[in-house]
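# Everything below, folded, please.
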Amino acid sequence: MSFWQNIEKPIIGLSPMDGVTDASFRFIAAKHGRPDVILTEFVSVDAAAFAPHSLLRDFAYSEIERPIAAQVYGHTPEAFYKVAHIVCELGFDGLDINMGCPAKKVAAKGSGAGLILTPALARAIIRAARQGIRDWTDGQKLSDIGIDGEFIAAIESANRLRSGVEAPAVRRAIPVSVKTRIGYEEIVVEDWIRNLLEEAPDAISIHGRTLKQQYSGSADWGAIACAAEVASGTDTLILGNGDLRSMEDVYRRVRESRVDGVLLGRAAQGNPWIFHAKDELKRAVRAHGPASIQDVFVPIEERFRVALEHCRHFAARREPAAFPAMRKHLAWYCKFSRGIAELRGRLVHVNGVDDVVECFSRYAAGLAASLQASDPPRGIEAGIQ
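Next up, the predicted model:
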């Protein structure tokens, strides 16, 4: 049985976000939030041939993130067939196909949301990915499909660093899912979902906007509800995505649309703790009654501590020149606190962990002075060690 079917409904997962949900973000979300399922950032299927080391970097994950699905994008079925073998060899729990990215450089080439315009190709891609998984499960080796020895050795090394073994102990079939949108220029969700259902993916997660909308306007949860109705009676789960800012929003949308779950994206930025309320939400949904689901309050000292843990995890795995990518994350950790604009202004210039510690220390000292205290408020100092 697919892991998707083993998760108690409604599923509350972490949505993939390009440039955001890298290995460090996902590790922190898994450790401090425990979403039901995690998806990687999307990775081009062509990277297997042209940038194998970048593929392995983007597909790096920790055992704590399970169940985790590798998300890939592209428009060539043959490339999906090959990358499915790699995803299986890396021990992922699932493979997710991106059919929703609205970026021009992706969609214009017929990938991402561009596949909404080519439904036959979209189905062929699902079939190719599933065939790749099936052939790998039946014993086909990476060398049999043209993967060179150096890349195979790098995959084995990545597995060994993560789990202590070079290859999965058991060759098991993993589920195939799809992440998409409600349309390209206009809403075509009913026909589009019926098309995808012909290949019976294990799950379809749907962002409630068209490609044309990008991320503007409001997510159309009526269209997502339509997709859930179309898929009712099948074995394919439907997850909704878009404009879910709190667990109250999740509860309302799940009740209204009858989806099997949701993926949270921007609500989890700087806030892995949002997933803490998922068990309470599941109980409320089972009770079929009105409920008030409260998001967890996290004191500033805990935010500082986890932000630093995030920074250190990132710095240990990436080159120093990449550290500015952490700046946006640090700003997100601070967005829930009042009177912190000056700190956020400093954090957008940090270039390493020591800079972050200094910024947090100065903030704590300034707060202590404003309260006419000789020491920072209890807890903050511990949060910046």
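
# List the buried residues for whichever strand or helix holds H53?
Per DSSP states H and E: H53 is located in helix 52-58. For helix 52-58, burial by neighbour count (16 or more other CB atoms under 10 Å) applies to P52, L55, L56, R57, D58. For every residue, glycine as well, the C-beta is placed using N, CA and C.

# Switch these over to a markdown table; also include pLDDT.
Formatted as a markdown table, the buried residues of helix 52-58 follow (pLDDT from 0 to 100):
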| residue | pLDDT |
| --- | --- |
| P52 | 92 |
| L55 | 94 |
| L56 | 95 |
| R57 | 94 |
| D58 | 95 |
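
# and the residues you listed as CSV, adding distance to A316?
Formatted as CSV, the buried residues of helix 52-58 follow (distance: CB to CB, whole Å):
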residue, distance to A316
P52, 22
L55, 20
L56, 17
R57, 13
D58, 17
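
# Looking at those residues, which one is closest to R362?
For those, the residue nearest R362 by CB to CB is R57; the value is 33.4 Å.

# what packs against the helix holding H53?
Under the contact definition 3 or more CB pairs under 8 Å, 6 or more residues apart in numbering; DSSP states H and E, helix 52-58 sits against helix 47-50, helix 149-163.

# Please produce TSV containing those helices, extended by mean neighbour count and mean pLDDT.
Shown next, in TSV, are these (neighbours: other CB atoms under 10 Å; pLDDT from 0 to 100):
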stretch	mean neighbour count	mean pLDDT
helix 47-50	18	88
helix 149-163	14	96
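
# Out of the ones you listed, the one nearest A219 is which?
Per CB to CB, nearest to A219 of these: helix 47-50, 29.9 Å.

# next one: that closest one to chain centre, how far?
Centre-to-centre, helix 47-50 and its host chain are 22 Å apart (CA atoms, centre = their mean, to the nearest Å).

# tell me what it is packed against?
Short answer (3+ CB pairs under 8 Å, 6+ apart): helix 47-50 packs on helix 52-58, helix 77-89.

# S143 - how many residues pack around it?
S143: 11 surrounding residues under other CB atoms under 10 Å.

# shift numbering so it begins at 867
Let's use 867 as the start, then, which means that last one is S1009.

# F946 versus the residue nearest to it when sequence neighbours are not counted, what's the distance?
Nearest non-adjacent residue to S1009, counting by CB to CB, 6 or more residues apart in numbering: I1018, 6.6 Å away. Relative to F946, I1018 is positioned 19 Å away (CB to CB, to the nearest Å).

# got it, and A1173?
Taking CB to CB, one finds A1173 at 37 Å from F946.

# When these two are compared, which one has more neighbours?
More crowded of A1173 and F946, by other CB under 10 Å: F946, with 27 against 23.

# wait, that one sits on G940?
Yes - between F946 and G940 there is a contact under CB atoms under 8 Å: 6.4 Å.

# got any residues that touch both of these two?
V911, I991 (CB atoms under 8 Å, 6 or more residues apart in numbering).

# Just checking, which helix or strand succeeds the helix holding H919 along the chain?
strand 934-939.

# any chance you could map the strands in the protein?
Assigned by DSSP state E, the strands in the chain fall at 877-880, 904-905, 909-910, 934-939, 960-965, 1042-1049, 1069-1076, 1103-1107, 1127-1130.

# any chance of the ones you listed in TSV, plus distance to S890?
Below are these laid out as TSV (distance: least, CB to CB, whole Å):
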stretch	distance to S890
strand 877-880	13
strand 904-905	13
strand 909-910	16
strand 934-939	14
strand 960-965	20
strand 1042-1049	22
strand 1069-1076	23
strand 1103-1107	22
strand 1127-1130	18
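
# Can you tell me which of those is nearest to C1092?
Between the strands of the chain, strand 1042-1049 lies closest to C1092; by CB to CB that is 8.5 Å.

# Not counting its neighbours along the chain, what's nearest D924?
Using CB to CB, 6+ apart, the closest residue to D924 is V909 (4.8 Å).

# Quick check: bridge partners of that neighbour?
V938 (DSSP bridges).

# Compare the mean pLDDT across the helices and strands packed on helix 913-916 and name the weakest.
Per-stretch mean pLDDT for these is lowest at helix 918-924 (a mean of 93).

# from the middle of its chain, how far away would it be?
On CA atoms, centre = their mean, the centre of helix 918-924 falls 17 Å from that of its chain.

# Not counting that helix itself, show me its contacts.
D888, T906, E907, V909, A913, A914, I952, F1017, A1020, I1021, A1024.

# Burial check on K1201, number of neighbours?
12.

# how much space between it and E1052?
K1201 is 34 Å from E1052, by CB to CB.

# next one: G1074
Taking CB to CB, one finds G1074 at 14 Å from E1052.

# okay, and for the protein, where does confidence drop off?
Across the chain, the ranges flagged by pLDDT under 70 are 1204, 1234-1251.

# That one - how does it break down into domains?
869-1153, 1166-1249 (automatic domain parsing).

# got those as a markdown table, with distance to I1159 columns?
Listed next are those as a markdown table, based on distance: least, CB to CB, whole Å:
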| stretch | distance to I1159 |
| --- | --- |
| domain 869-1153 | 4 |
| domain 1166-1249 | 17 |
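
# Ok, which of the helices and strands packed on helix 918-924 comes nearest V1042?
It's helix 913-916; of the helices and strands packed on helix 918-924, that one is closest to V1042 (CB to CB) at 17.0 Å.

# So the residue nearest to S1009 versus V911, what's the distance?
Distance from I1018 to V911, by CB to CB: 18 Å.

# Same check on V903?
Distance from V903 to V911, by CB to CB: 21 Å.

# Which of these two has more residues huddled nearby?
Using other CB under 10 Å as the criterion, V903 and V911 rank with V911 on top: 29 against 25.

# I'd say that one and A945 touch.
Yes - in this structure V911 lies within contact range of A945 using CB under 8 Å: 3.9 Å.

# now the residue nearest to the spatial centre of the chain, nearest residue through space, not along the chain?
By CA atoms, centre = their mean, the chain has its centre lying nearest to P882, at 2.8 Å. Leaving aside its sequence neighbours, P882 sits nearest to L905 (CB to CB, 6+ apart; 4.2 Å).
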